[in-house]
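Asker: Need coordinates for the following:
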Amino acid sequence: MKKNYIFTLLMTLCLTGVSFGQEMLLNGGLENWDDDTSPTSWTKAEVLSKSTDAHSGSFSAKRDVQSKTKDLGQTITGIVPGESYTVSFWYKVTAGDDEDARIWCTWKNGSTTVYHTGTSNNASTDVLRGPENGYLDNNGGVWSRHEVTVTAPAGVDGFYYEVRSYKNSVTYWDDLSFVKNATASVKNNAIEGFTTYPNPITDKKFTVSSSSSDTKQVAVFSVIGKKVFFTSFSGLKKNLDVSGINSGVYILKVTEGAKTSTKKLVIR
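Answerer: Numbers count the residues shown, from 1 in each chain. Here you go, the predicted structure:
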């Protein structure tokens, strides 16, 4: 029992360590609005309305059906090259065609756009755009979290944080975050470009991806420390089947070389 308690405590610290970093996004919880269509401090807020259907707090941003792509974006300054940053947000899609929402961020050098993969036509391998030029999983119309950890490239001093929703969709955004990671374990040992989606998992399948094609070891643990799933693969990403795991809350641990990333995983 003591061993399991210690394991759970350590894994919890790993999962929550990022939260001790510096939040750099303003009004990410969307609790403050200049009016019913303009969330305070956001650089761009296209055709959004204040909604009480929130993931947390009192409000979220809702985008109703429109004929064109609409963005929610904010310019962030004070980026330090070589430092680790975690981008995350909660979203919910209640109408659309499965090509309805995605992350669409870039680094900045002054007014110049700097793409995570180096060039604008490499969106298919960019964790900040799509990810990988794809779309976020609608995940049955429930609130879902997307997160990715990246390292600021040389020569940048800013970041443009953007999420997009597409025509004929109804999309909600809430609890958006951009954290400069402070813990040494995250800064030095986190897997570059690590992301998993969807989370929560509703169809017993989810994707693990990173910026490297190196071999990844993927393990899932119960909250008392029992390993309930393990596999490994090489490549940028892979869709994994966890149909043998019961519904519940788990801890996902991914190892890539000497680097490790962990996060809470919810299976429904």
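
Asker: where's the spatially closest residue to Y115 that is not a sequence neighbour relative to S169, distance?
Answerer: Nearest residue to Y115 in three dimensions, chain neighbours excluded: T106, at 5.9 Å (C-beta to C-beta, 6 or more residues apart in numbering). All C-beta atoms are positioned from the backbone trio N, CA, C, and that covers glycine. Separation of T106 from S169 (C-beta to C-beta, to the nearest Å): 22 Å.

Asker: partner residues bridging the residue nearest to Y115?
Answerer: When assigned by DSSP bridges, T106 has beta-bridge partners Y160.

Asker: Can you report how many residues lie near it?
Answerer: For T106, the count of nearby residues is 19 (other C-beta atoms under 10 Å).

Asker: ok, T119 - how many residues close by?
Answerer: So T119, with other C-beta under 10 Å, has 8 neighbours.

Asker: Just the pLDDT at it, thanks.
Answerer: The model reports T119 with a pLDDT of 80.

Asker: any idea how far it lies from G73?
Answerer: Counting by C-beta to C-beta, the gap from T119 to G73 is 21 Å.

Asker: Quick check: closest non-adjacent residue to L48.
Answerer: Once flanking residues are discounted, L48 sits nearest to A61: 4.6 Å by C-beta to C-beta, 6+ apart.

Asker: what about the one you found, neighbour count?
Answerer: 24.

Asker: is it true that it touches T52?
Answerer: No - with contact defined as C-beta atoms under 8 Å, A61 does not reach T52; the gap is 11.6 Å.

Asker: Do me a favour and get the backbone dihedrals for the residue found closest to K180 once you drop the neighbours it is linked to in the chain.
Answerer: The spatially closest residue to K180, leaving aside those adjacent along the chain, is Q22, at 4.3 Å (C-beta to C-beta, 6+ apart). In terms of degrees, to the nearest 10, the main-chain angles of Q22 are phi -100, psi 120.

Asker: Y85 versus Q22, what's the distance?
Answerer: 9 Å.

Asker: go on, W104?
Answerer: Distance, W104 to Y85, using C-beta to C-beta: 16 Å.

Asker: Comparing those two, which residue is more hemmed in?
Answerer: Neighbour count, other C-beta under 10 Å: between W104 and Y85, Y85 has more, with 24 against 21.

Asker: Tell me the spacing between that one and A152.
Answerer: Noted for Y85: a distance of 6 Å to A152, by C-beta to C-beta.

Asker: which neighbours do the two share?
Answerer: Common neighbours of Y85 and A152, counting by C-beta atoms under 8 Å, 6 or more residues apart in numbering, are I79, F159.

Asker: Show me the shaky parts of the chain.
Answerer: 1-20, 182-189 (pLDDT under 70).

Asker: at 80 what do you get?
Answerer: Applying pLDDT under 80 to the chain picks out residues 1-21, 118, 120-121, 182-190, 223-225.
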